[in-house]
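*Asks:* just coords:
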């Protein structure tokens, strides 16, 4: 099938993005489903290993563009994180820690029972901890939701991301140490990368607001200034083989607490963000192979159920202590379903560093595909059931 279409790669990707956007718009209006679920489905169908329309795994600039798209989303997520709220209500942070670690141990235990090797079970468990900020934030923006559940899932997904990146890098470092026996190689592939990435992001969070203060334009140029800064930050961390995920998330958190106003009318970075979001979700699911999805389907389905259960129970268990109802705690846990974008980009970044585990994690392909389609739908329904969307408020 790979020779079915003789179309230049750039033209193929452009056409796929346009087609995904058109189908997403009509599909969302006709079914009420999140657009990102439809974007992902189009990307999967057009992938090289399915119809052969899109080029093969040599993504080149597409990976960088996908990381930029994800970086913009992570910056926006970080910008909406209120560290003072977490300080005054520590039970939210504790809930995030408990549900993340609960998911890690549950997934590891199940993968181990299925005969997965220790290192691959650990990697699978670390990635399963995460909640994709791209899926969560996109659904929130699309639904224009607000309220306790909305704010909690934003903060919980940020905690999930930070923990998943940290543990994933530690496991990578352990794997490097086992293969090379070098403590330096292990440390440089994990802790140093994390520390330097967070430091670079924090530096951007201090410098960019300071430049804007000097210009005397804190509001009208905030969106474009932050967008350009994120693009540059992702480019340099990608080139330096650091973690764009941690760098952009830290940039957003620090920039928020430097008290620079980010215009609410430019959520998702306006037209630029909308365009890159389509590219991101098409690209992510286009990396999956149908054969791997089928190979990992039995374990993948069990892990999806276990992950959703542990996250829901973990968040709901601390609902009253953190100042909300059991009902909203359950909905907040369910809303943490999306996983795909974070997982694929972290794995692609690892492969870019010369470390590939994709072929050994077939169950992850199943989880990624299903939760790319179902995860945003679950988040959407949870927000609607929690009465935090304008449509529900009007009713």
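*Replies:* Structure's in. What do you need? Because the structure is a prediction, the values reported are computed rather than measured. Residues are numbered from 1 along each chain as shown.
*Asks:* which ones are touching residue 86?
*Replies:* Residues touching residue 86, when contacts are defined by Cβ atoms under 8 Å, 6 or more residues apart in numbering, comprise 92-93, 155. All C-beta atoms are positioned from the backbone trio N, CA, C, and that covers glycine.
*Asks:* how near is it to residue 384?
*Replies:* The span separating residue 86 from residue 384 equals 26 Å under the rule Cβ to Cβ, to the nearest Å.
*Asks:* flag the shaky bits of the stretch 1-150 of the chain, pLDDT-wise.
*Replies:* Within the stretch 1-150 of the chain, the ranges that satisfy pLDDT under 70 run 1-6, 56-60.
*Asks:* which parts of it are helices?
*Replies:* Here the stretch 1-150 of the chain has its helices, by DSSP state H, counting those that start in this stretch, at 9-31, 35-46, 61-79, 83-88, 90-113, 118-128, 133-143, 148-180.
*Asks:* so which strand or helix has residue 377?
*Replies:* helix 362-385 (DSSP states H and E).
*Asks:* what's the spacing between that helix and its chain's center?
*Replies:* Centre-to-centre, helix 362-385 and its host chain are 12 Å apart (Cα atoms, centre = their mean, to the nearest Å).
*Asks:* coming back round to it: mind giving me a markdown table with the helices of the stretch 1-150 of the chain and columns for distance to residue 210?
*Replies:* Shown next, in a markdown table, are the helices of the stretch 1-150 of the chain (distance: least, Cβ to Cβ, whole Å):
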| stretch | distance to residue 210 |
| --- | --- |
| helix 9-31 | 36 |
| helix 35-46 | 35 |
| helix 61-79 | 16 |
| helix 83-88 | 20 |
| helix 90-113 | 29 |
| helix 118-128 | 36 |
| helix 133-143 | 26 |
| helix 148-180 | 24 |
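*Asks:* what's the closest of those helices to residue 362?
*Replies:* Evaluated with Cβ to Cβ, the helices of the stretch 1-150 of the chain place helix 118-128 nearest to residue 362, the distance being 9.9 Å.
*Asks:* so how far is that closest one off the chain centroid?
*Replies:* How far helix 118-128 lies from its chain's middle: 17 Å, per Cα atoms, centre = their mean.
*Asks:* may I see the buried residues of it?
*Replies:* For helix 118-128, the buried set under the neighbour-count rule, 16 or more other Cβ atoms under 10 Å, comprises 120-128.
*Asks:* would you reformat these as CSV and include distance to residue 167?
*Replies:* As requested, the buried residues of helix 118-128 are arranged in CSV below (distance: Cβ to Cβ, whole Å):
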residue, distance to residue 167
120, 14
121, 13
122, 8
123, 9
124, 12
125, 8
126, 4
127, 9
128, 11
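*Asks:* which pair of the residues you listed spans the longest distance?
*Replies:* Put simply, by Cβ to Cβ the two of these set farthest apart are 120 and 128, 12.2 Å from each other.
*Asks:* now for those two: what residues contact both?
*Replies:* With the criterion set as Cβ under 8 Å, 6+ apart, the contacts of residue 120 and residue 128 do not overlap.
*Asks:* for residue 234, which of the helices of the stretch 1-150 of the chain is the nearest?
*Replies:* Among the helices of the stretch 1-150 of the chain, the nearest to residue 234 by Cβ to Cβ is helix 61-79 (4.1 Å).
*Asks:* give me the angle between that closest one and helix 133-143.
*Replies:* 70 degrees (axes from the mean of the first three to the mean of the last three Cα atoms, to 10 degrees).
*Asks:* spatially nearest residue to residue 158 (excluding sequence neighbours)?
*Replies:* On the basis of Cβ to Cβ, 6 or more residues apart in numbering, the spatially nearest residue to residue 158 that is not a chain neighbour turns out to be residue 81, at 5.2 Å.
*Asks:* and the closest residue to residue 135 other than its chain neighbours, how far is that from residue 87?
*Replies:* Nearest non-adjacent residue to residue 135, counting by Cβ to Cβ, 6+ apart: residue 338, 2.8 Å away. Taking Cβ to Cβ as the measure, residue 338 falls 27 Å from residue 87.
*Asks:* so the two - more neighbours on which side?
*Replies:* The residue with more neighbours, out of residue 338 and residue 87, is residue 338; 31 against 9, by other Cβ atoms under 10 Å.
*Asks:* tell me the SS of the more buried one?
*Replies:* Using DSSP: H, G, I helix; E, B strand; the rest coil, the three-state assignment for residue 338 comes out as coil.
*Asks:* so for stretch 10-26, what gets flagged as buried?
*Replies:* Per 16+ other Cβ under 10 Å, stretch 10-26 contains these buried residues: 12-13, 16-17, 19-21, 23-24.
*Asks:* make TSV out of those and add distance to residue 274.
*Replies:* Below are the buried residues of stretch 10-26 laid out as TSV (distance: Cβ to Cβ, whole Å):
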residue	distance to residue 274
12	21
13	17
16	16
17	11
19	16
20	12
21	9
23	15
24	11
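*Asks:* ok, of these, which one's closest to residue 50?
*Replies:* The closest of those, once distances to residue 50 are taken by Cβ to Cβ, is residue 16, at 11.8 Å.
*Asks:* any idea how far the closest one is from residue 42?
*Replies:* The separation that residue 16 has from residue 42, given Cβ to Cβ, amounts to 7 Å.
*Asks:* where do the contact lists of those two overlap?
*Replies:* Contacts common to residue 16 and residue 42, judged by Cβ under 8 Å, 6+ apart, are residue 282.
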